[in-house]
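In: fold the stuff below for me.
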Amino acid sequence: FFFFVCCEMVNPGTLYNPNWFVGVRVNKSGTDNRAAELGTRRSVKKNFQLAWEIRAIQCLDLTTLAGDDTTSNVKRLCAKARNPLHNDIFKSLGLEDAGITTGAVCVYPSRVAEAVKALEGSNIPVASVATGFPAGQTPLSTRLEEIRLAVAAGAAEIDIVISRTQALQGDWEG
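Out: Numbers count the residues shown, from 1 in each chain. The predicted structure follows:
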């Protein structure tokens with residue numbers, strides 16, 4: 001399996017191997033305890049905290065997946081992606097010319113072209129959910145066409161949704 005963006009292979013992917021899931025066990029109480037602890041301890045020291053917060057902004061995908069999205073909602077989201085913090089904050093940090101943006105903007109396939117246009121010249125990629133988001137319950141042919149349409153409209157990344165039913169049933173091979 002190969003994934004192409006604008007006719008260039010960007011990720012050769014990995015073939016599915018069901019052995020990855022055989023014998024996997026999760027210590028739920030241990031996982032829950034650790035997750036509850038994460039917000040109570042500062043693991044990044046003060047002198048590095050700001051750098052990590054800026055890096056976190058650069059890793060974020062701003063997303064709008066509302067059923068009533070409009071062109072103006074998408075444009076606002078893209079403007080926020082271009083300028084994730086107020087300019088006075090960047091200036092006070094000496095980062096006004098650093099070009100800090102979010103990592104991507106994620107929209108439904110029908111909104112990809114609008115986002116691409118709003119982000120023109122920014123180098124911020126547009127991502128799109130596809131394959132029947134959020135439940136993945138549409139036929140395979142429809143899911144594949146949704147991917148094709150999003151890529152044709154300019155999506156640089158496709159977030160693929162697997163069937164929740166199959167996942168809940170442990171049916172990893174479909």
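
In: can you show me the strands along the protein?
Out: Assigned by DSSP state E, the chain shows strands spanning 3-5, 8-11, 61-64, 104-107, 126-130, 157-160.

In: most neighbours per residue, which of those?
Out: strand 104-107 (a mean of 27; mean count of other Cβ atoms under 10 Å). Heads up, the C-betas are built off the backbone N, CA and C, glycines and all.

In: follow-up on the earlier one: in JSON lines, list the strands of the chain along with mean pLDDT.
Out: Output for those, formatted as JSON lines (pLDDT from 0 to 100):
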{"stretch": "strand 3-5", "mean pLDDT": "45"}
{"stretch": "strand 8-11", "mean pLDDT": "58"}
{"stretch": "strand 61-64", "mean pLDDT": "93"}
{"stretch": "strand 104-107", "mean pLDDT": "95"}
{"stretch": "strand 126-130", "mean pLDDT": "92"}
{"stretch": "strand 157-160", "mean pLDDT": "89"}
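
In: quick one, what contacts the most centrally placed residue in the chain?
Out: In the chain, the residue lying closest to the centroid (Cα atoms, centre = their mean) is residue 61, at 4.8 Å. Listed by Cβ atoms under 8 Å, 6 or more residues apart in numbering, the contact set of residue 61 reads 102-106, 127.

In: let's see that with 10 Å instead.
Out: Residue 61 is in contact with 81, 102-106, 124-127, 157, 159, counting by Cβ atoms under 10 Å, 6 or more residues apart in numbering.

In: this structure: helices as residue ranges?
Out: 28-38, 46-59, 71-82, 87-92, 112-118, 140-152, 164-168 (DSSP state H).

In: who touches the third one?
Out: Residues from elsewhere that reach helix 71-82 (Cβ under 10 Å, 6+ apart): 57, 60-64, 66, 69-70, 99-108, 111-122, 124-126.

In: only the buried subset of the residues you listed, as a ChimeraX command please.
Out: Of the contacts of helix 71-82, the buried ones can be selected in ChimeraX as follows, counting by 16 or more other Cβ atoms under 10 Å:
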select :61,62,63,64,69,100,101,102,103,104,105,106,107,108,111,112,113,114,115,116,118,119,124,125,126
